[in-house]
Structure formats: structure tokens, C-alpha cells
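**Q** Model the structure of this input:
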Amino acid sequence: MSGIVISGYASLDHVIVLNGDIRPGRTTTILSRPEAAWPRVGGGPAYVAQAITKAYSGMVHPLSWIGEDASGEAYLEQLARSGVACQGMAKVAGARTPISVLAYDPAGDCACLYDPGMSTTIGLTEDQKALTRAAEWICITIGPKIVTDQLRTLIKHEQKLAWIVKNDPRAITPEQRAMLAARADLIFCNGREREFLESTPVGTTRPGQIIVETQGRHGATFQRDGESTFVAAEPINVTDPTGAGDTFAGGVIASILNGAHEPEVFGRAGMEAARTLLLARKSEETESMKE
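**A** Numbers count the residues shown, from 1 in each chain. Have a look, this model is predicted:
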């Protein structure tokens with residue numbers, strides 16, 4: 001076994017910046033629509049996979065689902081252009097590729113309009129199961145409940161599990177939450193998700209389990225075996241930070257896959273991955289303002 005698979009929902013993102021709130025009965029002007037983000041590959045698996053692929057030379061496969069439509073082809077084209085393998089991407093007959101509209105207001109808050117495009121009853125294909133069996137690591141992001149159950153059945157004792165927590169009761173049952181909290185070797189969450197995580201009754205956890213709590217622009221805390229390490233971030237002001245958290249997680253995982261053991265080392269790798277993404281966004285925003 002080698003490499004990693006990352007499961008979860010795909011999304012072809014469309015980013016806009018507004019001059020005010022969206023309110024029924026009123027027109028809101030779009031101030032900018034960055035060309036590089038109309039559309040742009042999104043969803044947890046894509047961001048995590050892109051960050052890992054940039055720093056790790058082994059097998060990296062996002063496991064996700066798109067429709068047999070033009071948006072799905074655009075998604076695969078962008079994903080492949082970023083160097084990510086697409087064998088784990090399944091086309092679902094008769095479905096639409098999931099899309100999101102990410103609308104940022106002047107205060108920097110984001111409203112997300114999401115079209116899942118397909119049934120929530122989708123599961124792993126035989127090809128996706130084969131990739132999962134061959135992987136050293138399995139990473140679970142927000143995705144179909146059926147897939148989480150399938151992965152729970154497939155995972156072997158010797159395989160490592162990373163879980164990127166999302167507080168979405170529609171996508172995870174209390175039983176799945178408890179299973180992941182106990183079985184995961186590596187858990188990522190933010191402060192609010194930490195409360196969600198700690199409200200879960202958990203029995204014995206995996207030896208050496210690492211919990212990573214991100215603290216936005218300030219940095220992240222890594223906890224393992226009762227010890228805590230804080231790694232600071234370099235604050236970068238951008239309008240659209242979407243994907244920075246998943247990119248940070250990908251950077252951490254890539255460093256661990258490359259043999260890092262110390263939180264300071266893989267923590268800084270995660271911060272650098274997120275920093276690279278945010279600096280690229282800042283450059284795109286600067287160019288967009290010139291248009």
C-alpha cells in the first residue's frame with residue numbers, strides 16, 4: 001500500500017464579489033468576477049489533492065463524483081491541468097456536476113449557493129474501491145453518508161485515516177462521527193468544529209492520534225499524546241480564501257507522507273501550502289481590479 005485517496009464532494013466554484021447584501025426584491029451589483037474563478041475546481045478532495053500532489057511524488061487520488069456534462073469535462077480538465085490524477089473521479093449518468101456560487105459581500109463574508117446536482121445515494125465505484133484498498137492513507141472530507149460507511153468497511157487496521165471535520169448533520173450521522181473520532185490518526189478542525197468533535201462520545205482512540213485545530217489567520221495548534229504545539233501563520237489579506245483550510249491540510253499530510261514526524265515540521269509545510277494558495281489569489285484579485 002502506498003499513497004493516499006481523498007473522498008468527498010466535488011464542486012465547480014463560481015466566485016463573485018458584491019457591493020452589498022443579497023436581499024429579495026433588490027438588485028445587488030457584482031463588483032468583480034475573477035476570470036480564474038469562473039469557474040474554478042473546488043470541493044475538499046480537489047484542494048487537498050492539489051496540495052499533496054505539489055509536494056509528494058506518490059499516488060494521490062481524489063474520490064469524487066461529477067455529471068456527464070460540459071461542467072464535468074471542465075472540472076476534469078482543470079484538475080488534470082493542476083497535475084492531479086483523475087482515475088478516482090466517477091461520472092454519474094444522468095446527473096449534473098455539482099456547482100457553487102460563492103458570493104462575497106463588502107465585509108468579506110461569503111454566501112454559498114450549492115447545487116449538488118445528483119442523488120445523495122451515490123457510492124464508491126469498483127475502481128474507487130480498488131484505489132482505496134491500495135492506499136496507505138485514506139482521507140475523508142465532507143461527502144455522502146453511504147461512502148463514509150463503505151470506507152469504514154474497506155479500511156484495514158494498517159491503513160492510516162485522516163478526517164477533515166465539517167459540522168454538517170446532513171452528511172454525517174452521530175455513529176459515523178464517533179467512529180471517525182476514534183479511528184482517525186489525524187483530525188483537522190477549527191474552533192467551532194472542535195466543540196462539535198468534543199461533543200462526540202468516543203471510546204479508545206488510535207495511539208498517537210494528532211488533532212489539528214486551525215485558528216484562521218493566526219495559525220494552528222497540533223495536539224498529540226497530551227502535548228500541544230502552536231505553529232503561527234503569516235496573515236495574508238484576500239477577499240476569497242476558499243480552500244485555504246483544505247490546502248493547509250493537504251500540505252500537512254504531504255509532509256507526513258514524506259516522512260515528517262514533528263508538528264513544527266509538518267505544521268510549517270501546511271502553512272506554506274496555504275500561503276502559496278492565498279498569494280496566488282491575491283495576485284488574481286489585483287489583476288481583476290485592473291480590468
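**Q** Show me the longest helix that occurs in the chain.
**A** helix 263-290 (DSSP state H).
**Q** Show the average pLDDT along that one.
**A** Regarding helix 263-290, the rounded mean pLDDT is 91.
**Q** Give me the buried positions along that helix.
**A** For helix 263-290, burial by neighbour count (16 or more other CB atoms under 10 Å) applies to 263, 266-275, 277-278, 281, 284-285, 288. (C-beta placed from N, C-alpha, C; glycine too.)
**Q** now stretch 246-260
**A** 246-257, 260.
**Q** wait, what's in contact with L161?
**A** Neighbour list for L161: W137, I138, C139, I140, I155, L180, R183, A184, D185, L186, R206 [criterion: CB atoms under 8 Å, 6 or more residues apart in numbering].
**Q** contacting residues for the fifth one?
**A** Right, I155. Taking CB under 8 Å, 6+ apart, one finds T132, I138, L161, R183 in contact with I155.
**Q** which regions of the stretch 151-291 of the chain lie under the pLDDT threshold?
**A** The stretch 151-291 of the chain contains residues with pLDDT under 70 at 289-291.
**Q** those strands in it, which residues are they?
**A** 160-164, 186-190, 210-214, 219-224, 227-232 (DSSP state E, counting those that start in this stretch).
**Q** Now do the same contact list for R217.
**A** R217 makes contacts with A233, P235, I236, as judged by CB under 8 Å, 6+ apart.
**Q** One more: T120?
**A** T120 touches P144, K145, I146, counting by CB under 8 Å, 6+ apart.
**Q** three-state assignment of it?
**A** coil (DSSP: H, G, I helix; E, B strand; the rest coil).
**Q** ends of stretch 113-123, how far apart?
**A** One end of stretch 113-123 sits 24 Å from the other (CA to CA, to the nearest Å).
**Q** Please compute how far that stretch lies from its chain's middle.
**A** In terms of CA atoms, centre = their mean, to the nearest Å, the centre of stretch 113-123 is set 17 Å apart from its chain centre.
**Q** With stretch 254-265 instead?
**A** How far stretch 254-265 lies from its chain's middle: 19 Å, per CA atoms, centre = their mean.
**Q** do the same with stretch 230-250
**A** On CA atoms, centre = their mean, the centre of stretch 230-250 falls 12 Å from the chain's centre.
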